[in-house]
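**Q** coordinates only, no sequence provided:
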């Protein structure tokens, strides 16, 4: 019996869907900040995550890269956390770790530390929500850091290739038109006034929520959050979702590219429906099953038979707007690679005609379920599950909604979506060859 089949049987005996078996409570402050606390007493540690509903989608021409720059600037100090009392140093002294990340849609700051020290972390997060220091020295330092990130990326042939390709993908006016890291020429020209405007526009209690998980008491956490976040008065107007250009019928501006590395790449550029679209879950399922899963059907058909080196890239399931999912089939450069596209087309056409083999379908569902079961015991994973549910469903209790939706997919759903988005007669493929064989 296959290993995944065994996992499936175990899961069926335990429960159909993964459940967070820890007490969860929530409170919303008068200024709009929602606090979600999951009491997980099985560890001495706790984690706080502050989710801001801002990402590169919220930028405009002239400040491309500002959301990512702010991820850096938020660590440079605030009114009551500066000098030797900066965030990194405070959390380190408390025996914890601190970090953040930025996407197209959101920016998340997080600290893991002993639960008994959570009050100090809450105080720090509140201070930098309200009192961030935005002077020229901070701006100069962080612009250079981000600029160095961009320059380091230029030292990797694959990152250069991805950056060169990205600018051809999205039409004007699309929220994801510019990659998250932004444009170096704009970043180096940012002013402190622009930074202050961005901070005032997006960093407020009613544009954020807080998730705390671990060895904490919910009532204490609510009290601390009221004490430190409750007095923050700044409020943002409702930020309505923007309209986005249609990608399903958008023509990408390039069909052929070159790369300074001895490989050939077929880049499959696939329009991806946004969260909330009727095809969202079926698309995600097919995308993973065909391309990005470690046991994907196309990997087994192409890579395992030595027709290609690898399939690189993965989809971003957390997308508020229609986007492109990009998969790179990396091969030895040379004639005859057209057979790779033919084999990929055969695999997709089989799904369009016959659906997915029931064994593959059940095994993949088991794989998804096992990932939930075996990863969602750390504070980080639990905060992430709760945060994603709150961000995309506006309901932290729906952390299981995605798995539930995948389980309900039918063969007809998958065949229809395969035809709509993956049809080999219409799928967009960029052919990239090494410069020396052009």
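**A** Received it, and whenever you're ready, just let me know what you need. All values reported here derive from a predicted model rather than from experimental measurement.

**Q** mind listing what's buried in the helix or strand hosting residue 361?
**A** According to DSSP states H and E, residue 361 maps onto helix 358-375. Applying a neighbour-count criterion of 16 or more other CB atoms under 10 Å, one finds 360, 361, 363, 364, 365, 366, 367, 368, 369, 370, 372 buried in helix 358-375. Quick note: C-beta positions are derived from backbone N, CA and C, even for glycine.

**Q** which residue lies farthest from the center of this protein?
**A** The centre of the chain is farthest from one residue, residue 335, which by CA atoms, centre = their mean lies 36.8 Å away.

**Q** quickly note the distance from it to residue 25.
**A** Using CB to CB, to the nearest Å, residue 335 is found at 64 Å from residue 25.

**Q** can you give me the strands for the protein?
**A** Under the criterion DSSP state E, the chain carries strands at the ranges 24-28, 34-39, 45-52, 97-102, 107-114, 208-214, 256-259, 263-272, 310-312, 323-332, 428-434.

**Q** strand 323-332 and the last one, what's the angle between them?
**A** Relative orientation of strand 428-434 with respect to strand 323-332: 40 degrees, computed using axes from the mean of the first three to the mean of the last three CA atoms, to 10 degrees.

**Q** now strand 428-434 against strand 263-272, angle please.
**A** Using the same axes, to 10 degrees: strand 428-434 against strand 263-272 is 160 degrees.

**Q** same question for the first one.
**A** Computed by the same axes, to 10 degrees, the angle separating strand 24-28 from strand 263-272 equals 70 degrees.

**Q** what lines up beside strand 24-28 in the sheet?
**A** Strand pairing for strand 24-28, determined by DSSP bridges: strand 34-39 (antiparallel).

**Q** now do the shortest one
**A** Strand 310-312 has the following sheet partners, assigned by DSSP bridges: strand 323-332 (antiparallel).

**Q** how about the partner strand: buried residues?
**A** Result for strand 323-332 [16+ other CB under 10 Å]: buried residues 323, 324, 325, 326, 327, 328, 329, 330, 331.

**Q** identify the farthest-apart pair in those.
**A** Farthest apart among those by CB to CB are 323 and 331. That separation is 25.5 Å.

**Q** who touches stretch 73-92?
**A** The contact list for stretch 73-92 (CB atoms under 8 Å, 6 or more residues apart in numbering) reads 97-98, 100, 109, 111, 113, 120-121, 123-124, 127-128, 130-134, 138-139, 141-142, 195.

**Q** same question, stretch 118-125
**A** Taking CB under 8 Å, 6+ apart as the rule, stretch 118-125 contacts 46, 48, 50, 78, 80-81, 87, 90-91, 94, 96, 109, 111, 113, 210, 212, 214, 216, 220-221, 224-225, 228-229.

**Q** 7 Å - rerun?
**A** With contact meaning CB atoms under 7 Å, 6 or more residues apart in numbering, stretch 118-125 is reached by 46, 48, 50, 81, 87, 90-91, 94, 109, 111, 113, 212, 216, 221, 224-225, 228.

**Q** mind listing what's buried along it?
**A** In stretch 118-125, counting by 16+ other CB under 10 Å, buried: 118, 119, 120, 121, 122, 123, 124, 125.

**Q** can you put those in a markdown table and add distance to residue 339?
**A** A markdown table is the format used below for the buried residues of stretch 118-125 (distance: CB to CB, whole Å):
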| residue | distance to residue 339 |
| --- | --- |
| 118 | 58 |
| 119 | 63 |
| 120 | 61 |
| 121 | 56 |
| 122 | 59 |
| 123 | 62 |
| 124 | 57 |
| 125 | 55 |
